[in-house]
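Asks: Predicted coordinates and the sequence they were generated for:
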Amino acid sequence: MKTKTLLVFLAGALFAMTACSGEAAPPPPTVTVTPTSTTSQPDTKTVAWLDGMCGAIFGYVKASNDHASKQGSGVEVTRPWLSENLGVRAELAGKVVDGLNALPVSPIPGGDTAKKSLVDSYTTARDAAAEGKRKLDASKSQTALDAGLKALEAAQKPLTETTDPFAAVKMDTPEMLAAMAAAKKCVPTP
């Protein structure tokens, strides 16, 4: 029996990042995966589906962190800065929604429930950011600026609220452990 160490970066797990502070997300948790059989190959449909889920989520997390790191700390929140950030957040969340919606029906029991939960969360974030930007750009009032800040907060909820995107999926079977280990996009690169 061979033991593999698999870094599973559970999307948004305990993220404390905010766009205003420019703080980076905490390092991913380490999970040790021990397949019970080294001779069985993981199901290719399951691996592809997991790669699609992880790719969409981790792509968002990476892009969001990259964007925040370019901001630096102590950024002054101005109307142009807020408008730009709302646009970026809407675009990033929209990419996740598109990526998740492009996935086929899950070959994993509970997978479609996990996907729907994430699609709902990122759709809400995308729509909040887009609407916040639209209102901010249409008005010069302080009320619009305050609403834009609330929209930015709502747009970042997937980072702060998603603790385990695979909570609805039974991950402790040998088949699932092997599939997760083979899903390269579920192992974030440093």
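Replies: On my side now, so go ahead. Numbering: from 1, shown residues only.
Asks: C-alpha from now on. contacts and neighbour counts both.
Replies: OK.
Asks: ok, now how distant is the closest residue in space to Pro104 that isn't next to it in sequence from Leu92?
Replies: Sequence neighbours aside, Trp49 is the residue nearest to Pro104 in space, at 7.5 Å (criterion: CA to CA, 6 or more residues apart in numbering). As judged by CA to CA, to the nearest Å, Trp49 and Leu92 stand 20 Å apart.
Asks: Please apply the same query to Asp146.
Replies: To Leu92, Asp146 is 22 Å away according to CA to CA.
Asks: quick one, which of the two is more surrounded?
Replies: Legend: neighbour count by other CA atoms under 10 Å for Asp146 and Leu92, higher for Leu92 (21 against 13).
Asks: okay, now the residue nearest to Pro104: neighbour count?
Replies: Neighbours of Trp49 using other CA under 10 Å come to 21.
Asks: tell me the SS of it?
Replies: Following DSSP: H, G, I helix; E, B strand; the rest coil, we place Trp49 in the helix state.
Asks: The most centrally placed residue in the chain and Gly94, how far apart?
Replies: Computing the C-alpha centroid of the chain and ranking residues by CA atoms, centre = their mean puts Ile57 first, at 3.3 Å. Here the criterion is CA to CA. By it, Ile57 lies 11 Å from Gly94.
Asks: Same question for Arg134.
Replies: The value you get for Arg134 to Gly94, if CA to CA is used, is 16 Å.
Asks: do Lys135 as well
Replies: 18 Å.
Asks: Need the residues that contact stretch 85-92.
Replies: With contact meaning CA atoms under 8 Å, 6 or more residues apart in numbering, stretch 85-92 is reached by 60, 63-64, 125-130, 132-133, 148, 151-152, 155-156.
Asks: Buried only: go through those residues for me.
Replies: Among the contacts of stretch 85-92, those that count as buried by neighbour count (16 or more other CA atoms under 10 Å) are 60, 64, 125-130, 132-133, 148, 151-152, 155-156.
Asks: Would you confirm that Val75 belongs to a strand?
Replies: No. Secondary structure assignment (three-state DSSP) places Val75 in coil, not in a strand.
Asks: Going forward, count from 20.
Replies: I'll keep to 20 as the first residue from here, and by that count the last item is Val94.
Asks: Just give me the neighbour total for it.
Replies: Neighbours of Val94 (other CA under 10 Å): 12.
Asks: same question, the one 10 residues further on
Replies: Neighbour count of Asn104, defined by other CA under 10 Å: 22.
Asks: Right, I'll leave it there.
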